[in-house]
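*Asks:* Structure of the sequence below:
(2 chains)
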Protein chains: 2
Amino acid sequence: MDRLIEAIDNTQNPSVVGLDPTEALVPPQVVASFADEVRDSVESPEEIESAQLAVAYFEYNRTIIDAIADIVPAVKPQIAMYEALGPAGVDIYTMTCEYAAQQGLYVLGDIKRGDIGSTAAAYAHHLNGVGDFDPWHEDAVTVNPYLGTDGITPFVEAAAEADKDIFVLVRTSNPSSSELQMLDLADGTKVYEHVADLVEGWGAETIGSHGYSRVGAVVGATHPEEGKALRERMPHTFFLVPGYGAQGGTAADVAGMFDKQGSGAIVNSSRGIIGAWKKSGKYSESMTADEALDLVASSARQAALDMRDNLRVAVYR
Amino acid sequence: MDRLIEAIDNTQNPSVVGLDPTEALVPPQVVASFADEVRDSVESPEEIESAQLAVAYFEYNRTIIDAIADIVPAVKPQIAMYEALGPAGVDIYTMTCEYAAQQGLYVLGDIKRGDIGSTAAAYAHHLNGVGDFDPWHEDAVTVNPYLGTDGITPFVEAAAEADKDIFVLVRTSNPSSSELQMLDLADGTKVYEHVADLVEGWGAETIGSHGYSRVGAVVGATHPEEGKALRERMPHTFFLVPGYGAQGGTAADVAGMFDKQGSGAIVNSSRGIIGAWKKSGKYSESMTADEALDLVASSARQAALDMRDNLRVAVYR
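*Replies:* Numbers count the residues shown, from 1 in each chain, chains lettered A, B, ... in the order given. You can find the predicted model right below:
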């Protein structure tokens, strides 16, 4: 986790911008501006909508990356938003990861993969590529723990080989996450606490120079008390904290997920930053695509600065 | 689940062939035969290996699909094997799904996705596409339950809209699956039993004309006793049973996962069928690519027939 921790230190900003584009988040004139280009490139008319969204997503992402690359350490593209468009969207996902990496950002691929051993080893190529070829351009990926150790080990090995990291789901930010994660076990702990102990163990042999292993944990901002307890329970596990902003988590909620030195966690915001233009009060349908993208950029930058400053107050206190 | 059940009935064969290609499973002369074609199509030399494997995977899959399409109801491509090659592999995954569907097979995409509500809705486009465009060509997908109901509901809705299905991981076939799934809960049940009850509930409003809902369960062949108990516990839940063959499950092991009418489950074999050529005793390095593919085809067909006949004896008894 050293590279991420150093990137956070360099920017004095423990936040990550979620690049989760949706049709509703991209200004419509930006999508429309690609109509001609796309019409000539698709094989059949029904592909136009998804192909046009895909190229619009990339333009939107590039605009946001350019606007924030000097003030945030990392981005977290959510692959689901791209998969929703089919393979053309997956291409845009990798192009987004590559572009972000080229701008010096740590790229956290939110892919939440998880499978049995031999299949997990295939997914782990997200991290260690094919020969010298790295098609995905991710510095870390998120992983689901439901399959147990043999579904995790291949990712840990690939991460160690490629100087990368993983983040395992422990306590997710969504309302119904409690249905499984909060179940009471016969031994008096809860399921997510048991997973937390597994995660701390999975990372034990990969602890870096800042005291954290290559195996991080996903802990939702919407669970501040549990997050604080997990911080104690998992001393060598770095936290990825989603659920800030649009999902309801505040800087105060996440403060307890950091360690005494103000390290140990990175907080994600997606819509709150990439969709900030919608709440700017400055958008107009009469804007050109370039004007709309300028507004996306300035709004995202301001929202990222606000989040950074709020976290600095709450965390680096 | 009606379409799958009817496909099984038409073939009198409750088995599905896992299309999980790896470099070790494709005869090397088949991979080599694409060297020239690939060299001209890639942007940089380091992409050659993955691009060449990707096209070889498609040729291999097509050969197998052609060899088995009249005797099996379904195929299950494992997307991890394709993602391992990057976006070029994902293209091949969708081409494989499309080709299999064109040959009349039910296509079960083993993608094991799972995320919070809004993100799960994005993944659910695997099933309901983008407008009139269906980029993925899957009839069903596998889903991970760790996030709870709001991560499942979007898939159920998309499945209902598109006349498709999902299969939720309940009791997976791998050795360390017990670390979470077998934990004892305070109420006396185990985690996987609790998940089983959730799954039965998630499907309750989508029960089809054969008594099974659109929400199936993944139950490993390596857990015959638990599978039998789950069959009782989940009367409206169709089972996808991995772990047969190479992973150790036998026809006798899976028999208890079927209902009294011999329905209620479909058993997957991957390596045991697509890699049968390696155990045929007929392979030689001096074969041409076409000769090797012919051996892949005849071996896969024979293995699929053997599996079908073994299952018929054990299940339709």
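
*Asks:* what about the longest helix in chain A?
*Replies:* helix A:289-315 (DSSP state H).

*Asks:* would you say A:I266 is within a helix?
*Replies:* No: A:I266 is assigned strand when assessed by DSSP: H, G, I helix; E, B strand; the rest coil, not a helix.

*Asks:* what pairs with it across the strands?
*Replies:* Here A:I266 sits in beta bridges with A:L240, as judged by DSSP bridges.

*Asks:* For the most centrally placed residue in chain A, which non-adjacent residue is spatially closest?
*Replies:* With distances taken as C-alpha atoms, centre = their mean, A:K76 lies nearest the centre of chain A, 2.7 Å away. Spatial nearest neighbour of A:K76, excluding adjacent residues (C-beta to C-beta, 6 or more residues apart in numbering or on different chains): A:L108 at 4.3 Å. From N, CA and C alone the C-beta is placed, and that goes for glycine too.

*Asks:* How about A:E200?
*Replies:* A:E200's closest residue in space is A:M234 (C-beta to C-beta, 6+ apart), at 4.7 Å.

*Asks:* same deal with A:N13?
*Replies:* A:R308 (4.4 Å).

*Asks:* what's around that neighbour, how many residues?
*Replies:* 19 (other C-beta atoms under 10 Å in any protein chain shown).

*Asks:* Now do the contacts for it.
*Replies:* A:T11, A:Q12, A:N13, A:S15, A:I71, A:V72 (C-beta atoms under 8 Å, 6 or more residues apart in numbering or on different chains).

*Asks:* same thing with A:Y283?
*Replies:* A:P27, A:W277, A:A292, A:L295.

*Asks:* Also A:A159?
*Replies:* A:L127, A:A140, A:D165, A:I166, A:T206, A:R214, A:V215.

*Asks:* Reformat these as JSON lines; add secondary structure.
*Replies:* Output for those, formatted as JSON lines (three-state DSSP):
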{"residue": "A:L127", "secondary structure": "helix"}
{"residue": "A:A140", "secondary structure": "strand"}
{"residue": "A:D165", "secondary structure": "strand"}
{"residue": "A:I166", "secondary structure": "strand"}
{"residue": "A:T206", "secondary structure": "helix"}
{"residue": "A:R214", "secondary structure": "coil"}
{"residue": "A:V215", "secondary structure": "strand"}
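
*Asks:* Off-centre distance for the longest helix of chain A?
*Replies:* 17 Å (C-alpha atoms, centre = their mean, to the nearest Å).

*Asks:* model confidence over it, on average?
*Replies:* Averaging pLDDT along helix A:289-315 yields 97.

*Asks:* go on, stretch A:21-28?
*Replies:* The model assigns stretch A:21-28 a mean pLDDT of 97.

*Asks:* Contacts (any at all) between chain B and it?
*Replies:* Yes: shown here: stretch A:21-28 in contact with chain B (C-beta under 8 Å from any C-beta of the partner chain) through A:T22.

*Asks:* now what about the lowest-mean-pLDDT helix or strand in chain A, what contacts it?
*Replies:* Sorted by mean pLDDT, DSSP states H and E, the helices and strands of chain A end with helix A:35-39, the least confident at a mean of 91. Residues from elsewhere that reach helix A:35-39 (C-beta under 8 Å, 6+ apart): A:I48, A:A51, A:Q52, A:V55.

*Asks:* if we can go back for a sec, may I see the contacts of A:Y283 arranged in a markdown table, with neighbour count as well?
*Replies:* A markdown table is the format used below for the contacts of A:Y283 (neighbours: other C-beta atoms under 10 Å in any protein chain shown):
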| residue | neighbour count |
| --- | --- |
| A:P27 | 22 |
| A:W277 | 25 |
| A:A292 | 22 |
| A:L295 | 20 |
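
*Asks:* Which elements pack onto the helix or strand containing the residue nearest to the centre of chain A?
*Replies:* Per DSSP states H and E: A:K76 is located in strand A:74-77. Where contact means 3 or more C-beta pairs under 8 Å, 6 or more residues apart in numbering or on different chains; DSSP states H and E, strand A:74-77 is packed against helix A:2-11, strand A:15-19, helix A:48-68, helix A:87-102, strand A:106-113.

*Asks:* Redo those as JSON lines? Include mean neighbour count and distance to A:Y123.
*Replies:* What follows is the helices and strands packed on strand A:74-77, written out as JSON lines (neighbours: other C-beta atoms under 10 Å in any protein chain shown; distance: least, C-beta to C-beta, whole Å):
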{"stretch": "helix A:2-11", "mean neighbour count": "18", "distance to A:Y123": "20"}
{"stretch": "strand A:15-19", "mean neighbour count": "28", "distance to A:Y123": "20"}
{"stretch": "helix A:48-68", "mean neighbour count": "23", "distance to A:Y123": "23"}
{"stretch": "helix A:87-102", "mean neighbour count": "22", "distance to A:Y123": "14"}
{"stretch": "strand A:106-113", "mean neighbour count": "26", "distance to A:Y123": "4"}
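
*Asks:* The ones you listed: which one's closest to A:D132?
*Replies:* Closest approach to A:D132 among these (C-beta to C-beta): helix A:87-102, 15.2 Å.

*Asks:* how much does the longest helix of chain A deviate in direction from helix A:48-68?
*Replies:* Computed by axes from the mean of the first three to the mean of the last three C-alpha atoms, to 10 degrees, the angle separating helix A:289-315 from helix A:48-68 equals 50 degrees.

*Asks:* For helix A:289-315, buried residues please.
*Replies:* Buried residues in helix A:289-315, counted by 16 or more other C-beta atoms under 10 Å in any protein chain shown: A:289, A:292-297, A:299-301, A:303-304, A:307-308, A:310-312, A:314-315.
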